[in-house]
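> the sequence and its predicted three-dimensional model are supplied below.
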Amino acid sequence: MFVKISVILLFAVYFCACESLYDDCRDSYQCVEKRLVRFVDDLDEKSNISILGDFITLSRNQEQFQSNSGESFLERCARFLTNRELRFKLSSDAAKGLIEGIVDSNISFEKTEIF
């Protein structure tokens, strides 16, 4: 979950800085929140978001939680991330090396549900 939050915050900072958010909103918290909510809503409309070419993508999963007009920015981010999966695409050699490393170190992974 930490990785997903980091990714969305990175996107938010990058895109908002490019749109000169701080110049437009000055010290208005409501203006900043409104623009960030719109940004998350725009991202939510996309089924796949490329983070690093085809190697890392944020893809919509099967769980779909409906939006609520009264949601705060953090609630929208949580819903957005709940509806997404972070996917890594590796070359076959890289994947084989990763699997061998996991087997050699006896690391086990379990899927955990946050919500």
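Perfect, thanks for sending it.
> what ranges do the strands span in the protein?
For the chain, the strands identified by DSSP state E occupy 48-52, 56-60, 84-88, in order along the chain.
> reformat those strands as CSV; add distance to residue 37, mean pLDDT and mean neighbour count.
All C-beta spots, glycine's among them, are computed from the backbone N, C-alpha and C. Listed next are those as CSV, based on distance: least, CB to CB, whole Å; pLDDT from 0 to 100; neighbours: other CB atoms under 10 Å:
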stretch, distance to residue 37, mean pLDDT, mean neighbour count
strand 48-52, 17, 85, 13
strand 56-60, 18, 87, 17
strand 84-88, 17, 87, 15
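> redo these as TSV? Include distance to residue 75.
Converted to TSV, the strands of the chain look like this (distance: least, CB to CB, whole Å):
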stretch	distance to residue 75
strand 48-52	20
strand 56-60	18
strand 84-88	15
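> please identify which of these is closest to residue 26.
Closest approach to residue 26 among these (CB to CB): strand 48-52, 29.5 Å.
> so what does that closest one touch, helix or strand wise?
When contacts are defined as 3 or more CB pairs under 8 Å, 6 or more residues apart in numbering; DSSP states H and E, strand 48-52 sits against strand 56-60.
> packing partners for the strand it packs on?
Strand 56-60 makes packing contacts with strand 48-52, strand 84-88 when contacts are defined by 3+ CB pairs under 8 Å, 6+ apart.
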